[in-house]
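Asks: next comes the sequence, and after it the predicted model I'd like to discuss.
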Amino acid sequence: MGVRPVRPGPVNRGAYSAQLRGATAWRSVAVVWALVIAALLLLSLMLGGSEPEPPVPAAEPAVTTAAPTPSSESKPDTEGAASPSSWPRPRFEELQRQRDRMVTSQITSGGYFRESVTDAAVLAAMRNVPRHKFVPAQQVRRAYDDTPLAIGYGQTISQPYIVALMTELLAVRAGERVLEIGTGSGYQAAVLAELTPHVYSIEIVEPLAKEATRRLTELGYTTVQTRMGDGYDGWPEHAPFDAIIVTCAAGHVPPPLWEQLKPGGRMVIPVGGVYETQRLLVLTKEADGGRKSRNVLPVRFVPMTGKMQPP
């Protein structure tokens, strides 16, 4: 059985033309609106359609910080004397690590029969003064050992801890006058010169006195004044002194030294005979001339010679 084809009916050409014109008109309108919308979007983007950037906060007023005042290694001078930075104090980089280690391991740590040294100015002085420059050439490798060392002529340079302790006990302030009895190699005088420019040192052994004077000058400790003589008599031309340090053992406190000490002044001195237990004493001179004494620790020093020795 075959399929019968459907014959199309007649087409209404007028209605079709009208529909075609209407569709074309609507398409034109749609295109126009699309162009308008696209133009508006483009205009929006051009005028800043992206997200606005956050406002930049107003800059705060600049704060001016004063430059820090250089720290002083000396104690503040409360008596209007020389400024702590007004005199030459040389600096040496050589063997600095050894000096730092010496201070940490021997001086600040304390221990058996040892009071820890804590004064910042004294510790700085011990770090700054090149101890290896004050010992004989054959002793340089041991310069920072925890021991006294021979410097010739029967004399020694005290162990670093004792130097630091005695210096701290003196309580020296910048501008004060200090007398040292027993210059030796000049090491203790150089340490004191870190604290005050007014250091006077006497040595009875002539070769040591000459060597120490030359060494201190060559190293740059030019404010230290030295002389050869018997320390028993002190240095009356420069008296009175705020502090006196004796680096040799005395059988008694020499009267001239006590007379040359200011009221309120301090004297650090080892007292005792060669074969006796020597005592490191701190003596303070009171306003009426009286003596206040403090026994610090037992020590061993070479004896004071000259007038201190019996005839």
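Replies: All right, it came through fine. For clarity, every value in this text was computed on a predicted model and none was experimentally measured. Numbering: from 1, shown residues only.
Asks: would you list every one of the strands in the stretch 151-300 of the chain?
Replies: Per DSSP state E, counting those that start in this stretch, the stretch 151-300 of the chain carries strands over the ranges 155-157, 177-181, 198-203, 224-228, 241-246, 261-271, 278-285, 291-299.
Asks: which parts of stretch 107-120 are buried?
Replies: For stretch 107-120, burial by neighbour count (16 or more other CB atoms under 10 Å) applies to 107, 117, 119. Glycine gets a C-beta too; all of them are placed from N, C-alpha and C.
Asks: now swap in stretch 122-137 and tell me
Replies: With burial defined by 16+ other CB under 10 Å, the residues of stretch 122-137 counted as buried are 122-135.
Asks: same check, this time on stretch 251-269
Replies: Buried residues in stretch 251-269, counted by 16+ other CB under 10 Å: 251, 253-254, 256-258, 260-261, 265-269.
Asks: about what we covered before: I'd like to know which of the buried residues of stretch 122-137 is nearest to A171.
Replies: The closest of the buried residues of stretch 122-137 to A171 turns out to be V122 (CB to CB; 9.6 Å).
Asks: isn't the closest one up against T167?
Replies: Yes. Assessed by CB atoms under 8 Å, V122 is found in contact with T167 at 5.0 Å.
Asks: okay, and the common contacts of those two?
Replies: Overlap between the neighbourhoods of V122 and T167 consists of 191, 195, taking contacts as CB atoms under 8 Å, 6 or more residues apart in numbering.
Asks: could the buried residues of stretch 251-269 be laid out in a markdown table, adding pLDDT and distance to R142?
Replies: As requested, the buried residues of stretch 251-269 are arranged in a markdown table below (pLDDT from 0 to 100; distance: CB to CB, whole Å):
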| residue | pLDDT | distance to R142 |
| --- | --- | --- |
| G251 | 94 | 31 |
| V253 | 97 | 33 |
| P254 | 98 | 32 |
| P256 | 98 | 36 |
| L257 | 98 | 32 |
| W258 | 98 | 36 |
| Q260 | 98 | 36 |
| L261 | 98 | 35 |
| G265 | 98 | 35 |
| R266 | 98 | 31 |
| M267 | 98 | 30 |
| V268 | 98 | 25 |
| I269 | 98 | 27 |
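Asks: next up, the contacts around G231.
Replies: With contacts defined as CB under 8 Å, 6+ apart, the neighbours of G231 are 181-182, 202-204, 246, 248, 254, 257, 304, 306.
Asks: and stretch 124-137, how far from the chain's centre?
Replies: 17 Å (CA atoms, centre = their mean, to the nearest Å).
Asks: sorry, that was for stretch 145-157
Replies: Stretch 145-157 sits 28 Å away from the centroid of its parent chain (CA atoms, centre = their mean).
Asks: quickly note the distance from the spatially most central residue of the chain to E194.
Replies: Centre of the chain computed as the mean C-alpha position; nearest residue by CA atoms, centre = their mean is A124, 6.3 Å away. As for A124, its distance to E194 is 7 Å (criterion: CB to CB, to the nearest Å).
Asks: returning to what we had before: distance between the helix or strand hosting the residue nearest to the centre of the chain and the chain's centre?
Replies: Here A124 is covered by helix 120-128, with elements defined by DSSP states H and E. On the basis of CA atoms, centre = their mean, the separation between the geometric centre of helix 120-128 and that of its chain is 8 Å.
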